[in-house]
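Student: Structure for the following, please:
(4 chains)
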Protein chains: 4
Amino acid sequence: MAEDRLELRDMEKNLIRDSRKAKEGGSPSRMERMIQPCAAELLGTMFFVFIGCVSVIEDVESAGRLQPALVHGLAIVVLVACMAEISGSHFNPAFTIPIYLCGGMELVMVGPYIISQLVGGVIGAAMSKVMTTKAKYEEATGAAFTVLRSEEQVARALFAEGAMTSLIALVVLLGAVNHKSRTPLVPFMAGGTVVINILAGGNVSGTCLNPARALGPALMTNYWSYHWVYWVGPILGGLVAAALVRFLLGDNKTRLILK
Amino acid sequence: MAEDRLELRDMEKNLIRDSRKAKEGGSPSRMERMIQPCAAELLGTMFFVFIGCVSVIEDVESAGRLQPALVHGLAIVVLVACMAEISGSHFNPAFTIPIYLCGGMELVMVGPYIISQLVGGVIGAAMSKVMTTKAKYEEATGAAFTVLRSEEQVARALFAEGAMTSLIALVVLLGAVNHKSRTPLVPFMAGGTVVINILAGGNVSGTCLNPARALGPALMTNYWSYHWVYWVGPILGGLVAAALVRFLLGDNKTRLILK
Amino acid sequence: MAEDRLELRDMEKNLIRDSRKAKEGGSPSRMERMIQPCAAELLGTMFFVFIGCVSVIEDVESAGRLQPALVHGLAIVVLVACMAEISGSHFNPAFTIPIYLCGGMELVMVGPYIISQLVGGVIGAAMSKVMTTKAKYEEATGAAFTVLRSEEQVARALFAEGAMTSLIALVVLLGAVNHKSRTPLVPFMAGGTVVINILAGGNVSGTCLNPARALGPALMTNYWSYHWVYWVGPILGGLVAAALVRFLLGDNKTRLILK
Amino acid sequence: MAEDRLELRDMEKNLIRDSRKAKEGGSPSRMERMIQPCAAELLGTMFFVFIGCVSVIEDVESAGRLQPALVHGLAIVVLVACMAEISGSHFNPAFTIPIYLCGGMELVMVGPYIISQLVGGVIGAAMSKVMTTKAKYEEATGAAFTVLRSEEQVARALFAEGAMTSLIALVVLLGAVNHKSRTPLVPFMAGGTVVINILAGGNVSGTCLNPARALGPALMTNYWSYHWVYWVGPILGGLVAAALVRFLLGDNKTRLILK
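Tutor: Coordinates of the predicted model:
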């Protein structure tokens, strides 16, 4: 019966691969410590980028920004809930870095996670090319972020990517890493934040928030204009969120100052 | 009071009819072991196909693909949550096969489940004909899948049905069958995946993912062009998901290799 | 601390006013047994009809049927979750009757519940008139159901109201009354079913499903064409759902035959 | 392990900063009693007003009222779930006052909470100005509420703000303060009520419901026409909800009369 007693509270542990837990059951194999988490990050990011890119390439004008917003947001809800117990469901280098900085994972896994995410993003982008016609794929530049066309947009786009990523990273850190505020609703919180960010900021920066989502289509279409914005903005936003949690909002265990 | 203590964790058992559980309460009648699960599969698939087909037949242009996406997806959320404790809420032969392959049901029930689903789909399609005018019903070919018109579309459609079904079947297997990752959020995960798949792939293959959804309207309207795509694609996708769980992502009990 | 231990499982009891529970805490006052449940039914139905009618009167063409579908459905999610512990959150005579027939409430409360719902519906419709301009209110006939214009529509509309109400009443009975399948997700299941029914059947019958929703605007605007359809259809649908649960899908305690 | 046992029930405590709880763990620092709750109110309101204003400024005509409705509503879902354990997630003076009146917080925190909310709203409005182009910002008057143009609209707008705020405040009080009806679904209930209110009443009063949401953009654009409506309406609505709970719907502990 104990086996059946997996309760909703187990979801709390999601978005974090708690290293202590692994030790509870004796010594987990290399498979469960290293290979499964990286496979889950790769497959999760792959499906996220695949379905996200197809939704942009196949977008119907009449649905406006609701289509990409709902697709990217619901994909995060589903995939975060799905892989939580296996890898912690990061799927984004701009989450993995602040999660490490706030004590949610071990340093040795940061590199393998980020590599898995980037490889997954490239495979997902390739799958979106297989599924769509050549005409539609090229018209949408493979769902690469092409909204930035001139220098004067860059400052606003950097601020947008940074501010919106700081919101979603804060949501993830409070909902999944900080003990006092952890909640099983994290998959809905992360996905909901993606929806509102795309609806609000879609025209300013394209609302990427995730270098792995940016890299795949850029590589497939060889489109690199202002690509750096989608690495610098999200990672800076993630660092702001980590600082807010470590210095101000975190519980006694997580907060570094003013205990 | 114990009776009242049904907790959210009980939802975990959903999408699976755990045979051990049945034995706990002594010896359940033939009614609870055989007839009720099949009735639930028939009624659930019937209401799913009924409401899904009506939403396509009555679709208003202005709502774009959001209308069928939300209707099919929310119907899955509702019906999966509703019938979970009775039949496990498959409603789809392309789920029943991988659920069996991953240890989530007994072999003897596979046939009765699939027959119940197909019969339910046909009745649901007939109900959609009763509810709509002859003109609208014929204009929409009874909500049969008519997006495939030429040979050159077939490869992309097969890939689309396979890849999208592998995503939703993976979500179902991890969320409801694999012990380590089971979660009470499974109805939302399954329904959310339907929404994103329809929004993303609606124009490529029509996003069927379910032979029981395809068969009903095809039979009612005698429309069989490329009908096989909606059997082969989803079933192949389901097999890919079962392989991913059995060989890579499953827990120690579910995984067959590399323990 | 015990007081703080209200868990999610407590939500299970929603949509049902469990008479045994009332007795647990000694003898609840007449206030908690009679007045509060009726007040909750009146206020819940009032806010449901108020916000639903305003959304129809103020509808913007471009949003299509999504606006009334989301408003009525989300209002049910919110109000069902909100009043569950007080009245059981029926808000609909076509739910109260089958809930009584399946053992979910006492006979003595059926009359007071239905009267409270109808009065609440009328007050809600009056509030919608106060909030909107005279021009818009009249153009929308106060959000009364005006889709039926000729005799030939009646059969399809009756079937639509009956079939769609049987789905939502089945969801409510399985999710809130039948012990084996009760679940805390009932507010989402009931609201989600409202959304899909409105998106699918809005043009056939207007998707009322609730005599209390029909009566308020009809009285305020004195519009009674085919008004009986919105009593007969939903109540018949509710009876079908009660029969399905009592004779086929219910657990050993609820099912009357084939134990 | 106890640390890991944070269960979903803990979410119940959200929207309320239970002062007794703070005392359980010995004597919490001034940081946890005063500074963190105010910081959470400021940051939560800041992100809510920021993303809400950007969504209005960047609104695409074709999406109709769905865009602002979903953005404001989902932002409430996310932020209420996120800050619940830290500040109780009010983010709105029209919630803080009735929550205090129904026993959900201490008097000494009412002033600091409201000041934090107003300051957060102003910072959020300033961030929305940084992120958008000058042309779009001015065209949308910075997302200030500009729907009221003449005296004859005022009575309906006041009624709308009051009635809709009384609904959402009632939802918050029943779902988070009143012991008998508290539920972990409160973030969804609050956010869902925002969505339906904006979809229904957007053209009547703009559906503000929150003085902190009104103040920020008004200050940034110096637009003060009928600004008082967005203070008087929501606060009156909150008082009506508090009266309904204290005199009619509250449990034995919360209700003041007819015990």
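Student: pLDDT score assigned to residue A:146?
Tutor: Predicted confidence (pLDDT) at residue A:146: the value is 93.
Student: same check, this time on the one 5 residues further on
Tutor: At residue A:151, the predicted lDDT confidence score is 94.
Student: ok, now the one 3 residues further on?
Tutor: Confidence at residue A:154, expressed as pLDDT, is 97.
Student: With residue A:48 instead?
Tutor: For residue A:48, pLDDT reads 98.
Student: Regarding it, which helix or strand does it belong to?
Tutor: Here residue A:48, judged by DSSP states H and E, is contained in helix A:36-57.
Student: That helix packs against which elements?
Tutor: Applying 3 or more Cβ pairs under 8 Å, 6 or more residues apart in numbering or on different chains; DSSP states H and E, we find helix A:36-57 packed against helix A:66-87, helix A:107-131, helix A:211-221, helix B:151-172, helix B:186-201. C-beta here means a position set from N, CA and C on the backbone, and glycine is covered the same way.
Student: Say whether chain B is contacted by the shortest one.
Tutor: No: taking Cβ under 8 Å from any Cβ of the partner chain as the criterion, helix A:211-221 and chain B are apart, separated by no less than 14.4 Å.
Student: which strands and helices sit next to that helix?
Tutor: Secondary elements touching helix A:211-221 (3+ Cβ pairs under 8 Å, 6+ apart): helix A:36-57, helix A:93-101, helix A:107-131, helix A:229-244.
Student: Dump those into CSV; add mean neighbour count as well.
Tutor: Listed next are the helices and strands packed on helix A:211-221 as CSV, based on neighbours: other Cβ atoms under 10 Å in any protein chain shown:
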stretch, mean neighbour count
helix A:36-57, 27
helix A:93-101, 25
helix A:107-131, 20
helix A:229-244, 21
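Student: do you know how far the residue of the stretch 101-250 of chain A at minimum distance from chain B is from chain D?
Tutor: Chain B sits closest to residue A:131 of the stretch 101-250 of chain A, with a gap of 5.2 Å, by Cβ to the nearest Cβ. In this view, residue A:131 and chain D are 26 Å apart by Cβ to the nearest Cβ, to the nearest Å.
Student: Need the pLDDT of that residue.
Tutor: At residue A:131, pLDDT is 96.
Student: so it touches residue B:159, yeah?
Tutor: Yes: counting by Cβ atoms under 8 Å, residue A:131 touches residue B:159, with 5.6 Å between them.
Student: coming back round to it: any idea how far the residue of the stretch 101-250 of chain A closest to chain B is from residue A:151?
Tutor: 35 Å (Cβ to Cβ, to the nearest Å).
Student: quick one: pLDDT of residue A:62?
Tutor: pLDDT, residue A:62: 55.
Student: likewise residue A:31?
Tutor: The predicted local confidence for residue A:31 is 79.
Student: same question, residue A:224
Tutor: 97.
Student: quick one: it and residue A:218 touch, right?
Tutor: Yes: the pair residue A:224 / residue A:218 is scored as a contact, 5.9 Å apart, by Cβ under 8 Å.
Student: Which of the helices and strands packed on helix A:36-57 sits closest to residue B:66?
Tutor: helix A:66-87 (6.5 Å; Cβ to Cβ).
Student: Establish whether that closest one and chain B are in contact.
Tutor: Yes: legend: contact between helix A:66-87 and chain B by Cβ under 8 Å from any Cβ is shown at A:66-67, A:70-71, A:74-75, A:77-78, A:81-86.
Student: how about that helix, does it reach chain C?
Tutor: No: applying Cβ under 8 Å from any Cβ, one finds helix A:66-87 separated from chain C by no less than 9.2 Å.
Student: Now that helix: average pLDDT?
Tutor: pLDDT averaged over helix A:66-87 gives 95.
Student: give me every residue that touches residue A:208.
Tutor: A:145, A:161, A:214, A:230, A:233, A:234 (Cβ atoms under 8 Å, 6 or more residues apart in numbering or on different chains).
Student: Now render those residues as TSV, adding distance to residue B:190.
Tutor: As requested, the contacts of residue A:208 are exported to TSV (distance: Cβ to Cβ, whole Å):
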residue	distance to residue B:190
A:145	30
A:161	32
A:214	29
A:230	31
A:233	34
A:234	30
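Student: Pull up the gap between the residue of the stretch 101-250 of chain A closest to chain B and residue B:207, please.
Tutor: On the measure of Cβ to Cβ, residue A:131 and residue B:207 end up 11 Å apart.
Student: any residues in contact with both of those two?
Tutor: The contact lists of residue A:131 and residue B:207 share B:160, B:201, where a contact means Cβ under 8 Å, 6+ apart.
Student: Regarding residue A:149, what are the backbone dihedral angles?
Tutor: phi -120, psi -20 (degrees, to the nearest 10).
Student: what's the neighbour count on it?
Tutor: 9 (other Cβ atoms under 10 Å in any protein chain shown).
Student: what's near enough to touch it?
Tutor: residue A:225.
Student: neighbours around residue A:86, how many?
Tutor: 26.
Student: Just give the closest residue to it, not the sequence neighbours.
Tutor: Excluding the flanking residues, the one nearest residue A:86 by Cβ to Cβ, 6 or more residues apart in numbering or on different chains is residue A:40, at 4.1 Å.
Student: center of chain A - which residue?
Tutor: By Cα atoms, centre = their mean, the mean C-alpha position of chain A lies nearest to residue A:92, the distance being 3.6 Å.
Student: Quickly note the distance from that residue to residue A:125.
Tutor: Residue A:92 is 15 Å from residue A:125, by Cβ to Cβ.
Student: Residue A:160 now?
Tutor: Taking Cβ to Cβ, one finds residue A:160 at 23 Å from residue A:125.
Student: Equivalent analysis for residue A:177, please.
Tutor: Taking Cβ to Cβ, one finds residue A:177 at 29 Å from residue A:125.
Student: same question, residue A:109
Tutor: In terms of Cβ to Cβ, residue A:109 sits 24 Å off from residue A:125.
Student: what does residue A:45 give?
Tutor: In terms of Cβ to Cβ, residue A:45 sits 10 Å off from residue A:125.
Student: Based on its surroundings, how many neighbours for residue A:252?
Tutor: 14.
Student: got the residues of the stretch 151-259 of chain A near chain B?
Tutor: Residues of the stretch 151-259 of chain A lying near chain B (Cβ under 8 Å from any Cβ): A:187, A:188.
Student: In the stretch 151-259 of chain A, what residue lies closest to chain C?
Tutor: For the stretch 151-259 of chain A, Cβ to the nearest Cβ, closest residue to chain C: residue A:184, 9.4 Å.
Student: phi, psi of that residue?
Tutor: According to degrees, to the nearest 10, residue A:184 has phi -70, psi -10.
Student: Please work out how many residues are found near it.
Tutor: 30.
Student: The one 3 residues further on too?
Tutor: By other Cβ under 10 Å, the residues close to residue A:187 number 27.
Student: ok, it - contacts?
Tutor: Applying Cβ under 8 Å, 6+ apart to residue A:187 gives the contacts A:11, A:14, A:76, A:77, A:78, A:80, A:81, A:84, A:89, B:185.
Student: for the third one, what are its contacts?
Tutor: For residue A:76, the residues meeting the contact criterion (Cβ under 8 Å, 6+ apart) are A:48, A:91, A:187, A:190, A:191, A:194.
Student: now do 6 Å
Tutor: Applying Cβ atoms under 6 Å, 6 or more residues apart in numbering or on different chains, we find residue A:76 in contact with A:190, A:191, A:194.
Student: Export those residues to JSON lines and append columns for neighbour count and pLDDT.
Tutor: Output for the contacts of residue A:76, formatted as JSON lines (neighbours: other Cβ atoms under 10 Å in any protein chain shown; pLDDT from 0 to 100):
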{"residue": "A:190", "neighbour count": "28", "pLDDT": "98"}
{"residue": "A:191", "neighbour count": "24", "pLDDT": "98"}
{"residue": "A:194", "neighbour count": "30", "pLDDT": "98"}
